[in-house]
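Asks: give the three-dimensional model of this entry:
(chains A and B)
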There are 2 protein chains.
Amino acid sequence: MYTINPDLQQERDGATFNPYELTIWWDGGTEKHEKRKALEKLFLEDSELKDDLPLSYMSHKQIYENSVRKAVLIAKKLRDLHDVGELSVDTYTALLGGTLGCALLKEGNPLSVHFVMFVPTILGQGTMEQQITWLSKAWELNIIGTYAQTELGHGTFLRGLETRADYDEKTQEFVLNSPTLTAYKWWPGGLGNTANYAVVVAQLLAPFIVQIRDEETHMPVPGVDIGEIGPKLGMKSGNNGYLGFKNVRVPLNHMLMKNQQVLFDGTYIPPKNSALTYGTMMFVRVVLIRDASLALAKASTIAVRYSAVRRQSPIDPNKPEPQIMDHITQQLKLFPQVAKAIVFKANGDIIYDMYAHVSQEIEKGALERLPEMHALSCCLKAVCSADAASGVEVCRLACGGHGYMDCSNFPTLYGMSTAVCTYEGENTVMLLQTARYLVKAYGQAALNPQVQLVPTVAYIKKIIEEPEFVGFDGSSEAIVEAFEYVAANKIRIAYERVEQQRRKGAVPEVATNRCGIEMVQAAELHGRAFLAHTALTEIQALSQKVSPALGEIFQLLLELYLVDACLHGIGDFLRFIKLTQQDVNGLELHFQECLKRLRPNVVALVDGFDLHDRILDSALGAYDGNVYEKIFDAAKKSPLNKEAVNASFQKYLKPLMKSNL
Amino acid sequence: MYTINPDLQQERDGATFNPYELTIWWDGGTEKHEKRKALEKLFLEDSELKDDLPLSYMSHKQIYENSVRKAVLIAKKLRDLHDVGELSVDTYTALLGGTLGCALLKEGNPLSVHFVMFVPTILGQGTMEQQITWLSKAWELNIIGTYAQTELGHGTFLRGLETRADYDEKTQEFVLNSPTLTAYKWWPGGLGNTANYAVVVAQLLAPFIVQIRDEETHMPVPGVDIGEIGPKLGMKSGNNGYLGFKNVRVPLNHMLMKNQQVLFDGTYIPPKNSALTYGTMMFVRVVLIRDASLALAKASTIAVRYSAVRRQSPIDPNKPEPQIMDHITQQLKLFPQVAKAIVFKANGDIIYDMYAHVSQEIEKGALERLPEMHALSCCLKAVCSADAASGVEVCRLACGGHGYMDCSNFPTLYGMSTAVCTYEGENTVMLLQTARYLVKAYGQAALNPQVQLVPTVAYIKKIIEEPEFVGFDGSSEAIVEAFEYVAANKIRIAYERVEQQRRKGAVPEVATNRCGIEMVQAAELHGRAFLAHTALTEIQALSQKVSPALGEIFQLLLELYLVDACLHGIGDFLRFIKLTQQDVNGLELHFQECLKRLRPNVVALVDGFDLHDRILDSALGAYDGNVYEKIFDAAKKSPLNKEAVNASFQKYLKPLMKSNL
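Replies: The predicted model follows:
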């Protein structure tokens, strides 16, 4: 449609490595790469799945109706793929949560929860008989389900759920009730107007399959009060809903009984091992950790390309206005986000592998590494989601006024990425969970230096064995080791202050709450130390495996990531490690040197993320760089620009302007 | 409608001071307070100015049409007030940009720019004759104007504007042209579909009054290409527009000629003093600095009230779930925002007074303090707007999922407050402007210790006279002095690195760009040091003037603000000031002590901001604290909840569900 913007072309011509090589790594190999491309072609070139009118011009109701239309098309395509044996887990992931899914339904798919929660819950918690009853119906979309757990009054603290399921022995039914307003289920995706079944979690955390709408008329069934919760910062087409019960009866065999049972006489047999429910939550967090890199990749692609095209404010008064990327303050904002995208990607892969390994052990009944994995996934979920969301905002703000427009796609990107800080375990709660684990581990090591700590917290012992860190030389290795010293010291302080509180007579939980600030700081640093460590080992190993040209880039990104992380936390470093003025100056100059070295390759780097224009969905970030034309095209789509004079002129403005002539 | 939530009532009953006393200070005295209340009554109780359907359910076009309807009602009411002599500048400010204006048109008023830019520009830059011609028409709203300066390709760098106004001596007209797409005017509020006149700034920065739409038909006049720019993160009803010219002819006397002239023969007479245009920009920034406290007051009111009502996650396992405000990590998030709201308010008043004083001097021809005032207003605009926007997000995230819903009003609050980081001088550009001033001042002092520096930068000399800071004792006074030491050192480093670059042969501008990171850091610290200093002097003085009960609260907020600011920048403090482990531990414990002491009064404090429920517009933050009922009420308004079954069921879902039965 347009030719490539010459500034962008020049950046590409000047790159020292081949972005395609990066893409192949990013996609996990040539085979996966080609599958992704084929899938994107299949879905993105389907004209029925394009929106002629961008969502942000539509009303809330239009957005919903449009999303159902598209979700049904996607579901049919999925069924077709399944019928010809072409459906893999990767395809599901891509279409329901991944970059492709976001391109098709950028504000969420009202059928997602059916596939990612309703079906898996039946699989994971239903008996064989229950699976036979429900799975094929669900799989074939003869019914549409959702997963209703969170209530208006309780999210994080599951034991506080108020929805009641009382067993009536006479009829062998459960009677569901929402005794208060706060007991209403709140948030489930697709619940509002779409689903006709739900897995409902009631007190004692038992899950029930409950019909909520008639299969023929879609009317709510008697006793069920149902609706959607209204608009939100993001996820605008997720059709999140609410659900209240008044004496709704559910047969005994609608309770999912694989892990826990209620017998005919009402006897409750609790699950043998609650750690297994643990596992599912962990999986979701692992996926979120992995996805943090995607948000950063999208945002930095848009901002980097825009910054190569946009020219403003002379640097040298004798020269024309430069690309804004040549302003050091712009590099300061953007380049660390690119580095983070790469490091988070490598980290996400590691965590995913680690999880797969621990899962296999769990299957075999070996639960030893479960608490460690849980602790690690909690704090990384918090750190990575927070960094991704704030990175998106840094990129948006770096694009000035144009980044503020919906056509940049930044508003949606932010709305979607900041949501991750809250859902699937609110970040502060996540950090506190990790911190309790860390403080306990520190306590063990402090009391008995011989104790063996599990691998990811073993570094804590360093400060017990060697309280002083010496020989900081600013190298990547030194920064990683320093991170571990700092984290260990933060954990030590949390431990000491909790102990202090306990000596003052506080029960453990109160002591922990009083030290909440120290606790979250310790857990955050633990996550950052882990990220620094995996960055060093993974990216370094990686840079040996690829071409020298790309290897050099990886090394540079590693340096940039580590120095930036260190400078961001410099207060902690100065506090616990004897750094001199020269050390800090050296880090600052090293950071600036990294920016300078990355400058010629940064456009090629984001090209290497290989994000389809439909996925970026941004006038500022398209591959061809025709920023201004695309901004203008986006504005032209406004219904307000389809008529020369809006009706409000005759109705309101003209009477005002003429009223006193 | 509802009774007061008992938890909230208990908080109010337990307060040690009278919030009304705080309100009177906040409003600037009893008289202003009563005027504000009367104005709120007049506008907020007008049922025509209420939205039955919240904006977020509407389409982009509906939002616009609704905003015109309301803007016209407001304008008529303003005219009525004027006719009975009741119209003051305060009224204008309140209705077009202040809290009241936001309550009436929360996403912006398409007539705002007419009042705050179009009319003042004619006043400030028109000759007496031009004022006579245009002002009464504009004042009476017989014409509606906007102010068109920013272009698609240029915002910050005004000299880069491309719109041409070529003088045609034969006809004594200017010929306006947009030679490129990037020359299109972009962003002016009300330009899209509302205004029929515009002040247009063309090359050489001359302003012209240009008719853009026909007064009878509202059709764009020949040669004018006009439309609206589409949806944005916020300001959704501002009707921001674009504007292109093709040989549009404007009479010579439509150029505003008070400060600069073009004679009949085309001779251009430039303005005698460009500093005067300077003054207008400065005024706007001063207002933005003052308004930063409002965003924080709104956000913290919502989050604090919600946190007093919401109960979740036991602390002590033997007690019921506590108010979430009793979790220390919640206090960590919210209380510093309350303190910032107060400090920013006091600071805003000071800056406003300082500006008024400097303006008076300028009127008398004394321009000495103009550069100082400019430098100060630039960095404070950047620091305060950034802190306000991030404070709003902290409050939103602290409200978990409920903060993510539009009915919390946080999404709009954030969209509006983050915009301030970009408009009226992008924050990084602002910091660089301040930094250039600071580096110059440091250079003067370094070269000549006898030089007199102006008051707001005089502290720089401290580190030249006494390079070592000794005797840090953690007191407020010590923190303020330490802030100045740190800022001065940051300025010194920027200066030294710029000089280094110049010795390497870089021209000044290039040297400055290379040191952009050091420059922005220096300017930010300068702003923070100023804030700390005014906090100390103003809040301390204030606490002597009020009742002992309120005085104690002010003192506590001052401590909290300073210790929090210090801990946030602890890296810089540790770098430039010899702090021991004990010092840092002491600051941390002092911070926690402040949280604990503030806890019993924090609800009363936000009550003292006295923000009307319509202004907060939040289900989470209403005075009565009936959070869950109000969330539910908001959801009930959804058009999707007005019908039991949405049309998409028959159209899309049912065919899908039945297709393979």
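
Asks: could you use CA atoms for every contact and neighbour count after this?
Replies: OK.

Asks: give me the number of residues near A:Ile269?
Replies: Residues near A:Ile269, counting by other C-alpha atoms under 10 Å in any protein chain shown, number 12.

Asks: and it, how far is that from B:Gln130?
Replies: Separation of A:Ile269 from B:Gln130 (C-alpha to C-alpha, to the nearest Å): 88 Å.

Asks: what's the residue of chain A found nearest chain B in contact with, if anything?
Replies: For chain A, the residue closest to chain B is A:Gly571, as judged by C-alpha to the nearest C-alpha, at 3.3 Å. For A:Gly571, the contact set (C-alpha atoms under 8 Å, 6 or more residues apart in numbering or on different chains) comprises B:Gly569, B:Ile570, B:Gly571, B:Asp572, B:Leu574.

Asks: contact partners for the first one?
Replies: Each residue near B:Gly569 by C-alpha under 8 Å, 6+ apart is listed here: A:Gly571.

Asks: roughly how far apart are it and B:Gln521?
Replies: B:Gly569 sits 11 Å away from B:Gln521, going by C-alpha to C-alpha.

Asks: go through the contacts of A:Gly571 and name the one nearest chain A.
Replies: Nearest to chain A among these, counting by C-alpha to the nearest C-alpha, is B:Gly571 at 3.3 Å.

Asks: before we move on, which element is A:Val199 in?
Replies: In the assignment (DSSP states H and E), A:Val199 maps to strand A:197-202.

Asks: run the chain-centre distance for that strand.
Replies: How far strand A:197-202 lies from its chain's middle: 24 Å, per C-alpha atoms, centre = their mean, to the nearest Å.

Asks: past that strand, which element shows up next along the chain?
Replies: Following strand A:197-202 toward the C-terminus (DSSP H and E): strand A:206-211.

Asks: what helices and strands are in contact with that next one?
Replies: Secondary-structure packing of strand A:206-211 (3 or more C-alpha pairs under 8 Å, 6 or more residues apart in numbering or on different chains; DSSP states H and E): strand A:197-202.

Asks: is any residue of the strand it packs on near chain B?
Replies: No: applying C-alpha under 8 Å from any C-alpha of the partner chain, one finds strand A:197-202 separated from chain B by no less than 12.6 Å.

Asks: now do the strand holding A:Val199: which elements does it pack against?
Replies: strand A:145-148, strand A:206-211.

Asks: in which helix or strand does the residue nearest the centre of chain A reside?
Replies: Residue closest to the average C-alpha location in chain A (C-alpha atoms, centre = their mean): A:Leu288, at 4.1 Å. Assigned by DSSP H and E, A:Leu288 belongs to helix A:275-309.

Asks: so which of the helices and strands packed on strand A:197-202 is the most packed in?
Replies: Burial of the helices and strands packed on strand A:197-202 is given as mean neighbour count (mean count of other C-alpha atoms under 10 Å in any protein chain shown); strand A:145-148 ranks first at a mean of 29.

Asks: before we move on, the earlier item: may I see the contacts of A:Gly571 arranged in JSON lines, with distance to A:Leu296 as well?
Replies: Below are the contacts of A:Gly571 laid out as JSON lines (distance: C-alpha to C-alpha, whole Å):
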{"residue": "B:Gly569", "distance to A:Leu296": "26"}
{"residue": "B:Ile570", "distance to A:Leu296": "28"}
{"residue": "B:Gly571", "distance to A:Leu296": "26"}
{"residue": "B:Asp572", "distance to A:Leu296": "28"}
{"residue": "B:Leu574", "distance to A:Leu296": "31"}
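
Asks: in helices, which of these fall?
Replies: Counting by DSSP state H, these place B:Ile570, B:Gly571, B:Asp572, B:Leu574 in helices.

Asks: next up, the contacts around the residue nearest to the centre of chain A.
Replies: A:Leu288 sits in contact with A:Lys381, A:Ser385, A:Val420, where contact means C-alpha under 8 Å, 6+ apart.

Asks: go on, A:Gly415?
Replies: Contacts of A:Gly415 (C-alpha under 8 Å, 6+ apart): A:Leu233, A:Gly234, A:Met235.

Asks: hmm, try it at 6 Å
Replies: A:Leu233, A:Gly234 (C-alpha atoms under 6 Å, 6 or more residues apart in numbering or on different chains).

Asks: SS state for it?
Replies: Under the three-state scheme (DSSP: H, G, I helix; E, B strand; the rest coil), A:Gly415 adopts helix.

Asks: can you list the residues of the stretch 401-550 of chain A near chain B?
Replies: Contact residues, the stretch 401-550 of chain A versus chain B (C-alpha under 6 Å from any C-alpha of the partner chain): A:Tyr404, A:Met405, A:Asp406, A:Pro411, A:Thr422, A:Glu509, A:Val510, A:Gly516, A:Ile517.

Asks: my bad, chain A
Replies: Counting by C-alpha under 6 Å from any C-alpha, chain A sits next to chain B at A:57-60, A:65, A:141-142, A:157, A:227, A:229-233, A:313, A:315-316, A:328-329, A:400, A:404-406, A:411, A:422, A:509-510, A:516-517, A:570-571, A:635, A:638, A:641, A:648, A:657.

Asks: distance of A:Leu542 from A:Leu558?
Replies: 11 Å.

Asks: which one's more surrounded, these two?
Replies: Set A:Leu542 next to A:Leu558 and count neighbours by other C-alpha under 10 Å: A:Leu558 wins out with 26 against 17.

Asks: contacts for the helix or strand in which that one is found next, please.
Replies: Here A:Leu558, judged by DSSP H and E, is contained in helix A:548-568. Here helix A:548-568 makes contact (C-alpha under 6 Å, 6+ apart) with A:Phe17, A:Ala339, A:Ser543, A:Phe591, A:Cys594.

Asks: residues contacting the second one?
Replies: This means A:Ala339. Residues near A:Ala339 by C-alpha under 6 Å, 6+ apart: A:Leu557, A:Tyr561.

Asks: the same query, at a cut-off of 7 Å, please.
Replies: A:Leu557, A:Leu560, A:Tyr561 (C-alpha atoms under 7 Å, 6 or more residues apart in numbering or on different chains).

Asks: and the helix holding A:Leu558, what's its mean pLDDT?
Replies: The average pLDDT within helix A:548-568 is 98.

Asks: buried set for that helix?
Replies: Residues A:550-567 are the ones in helix A:548-568 that count as buried (16 or more other C-alpha atoms under 10 Å in any protein chain shown).

Asks: quick one: buried residues of stretch A:503-520?
Replies: Residues of stretch A:503-520 classed as buried by neighbour count (16+ other C-alpha under 10 Å): A:506, A:508, A:510-520.

Asks: shaky segments in chain A?
Replies: For chain A, residues meeting the criterion pLDDT under 70 lie at A:1, A:274-278.

Asks: can you show me the strands along it?
Replies: Using DSSP state E, the strands of chain A run over residues A:145-148, A:164-168, A:173-177, A:185-186, A:197-202, A:206-211, A:224-228, A:241-245, A:248-251, A:261-262, A:268-269.

Asks: for the closest residue to A:Phe208 other than its chain neighbours, grab the count of nearby residues.
Replies: In space, A:Phe208 comes closest to A:Met255 once its chain neighbours are excluded; the distance is 4.3 Å by C-alpha to C-alpha, 6 or more residues apart in numbering or on different chains. Using other C-alpha under 10 Å, A:Met255 has 26 other residues around it.

Asks: nearest spatial neighbour of A:Asn347, skipping sequence neighbours?
Replies: A:Thr534 (6.3 Å).

Asks: ditto for A:Val221
Replies: Leaving aside its chain neighbours, A:Val221 sits nearest to A:Arg213 (5.1 Å; criterion: C-alpha to C-alpha, 6+ apart).

Asks: fine, thanks again, bye for now.
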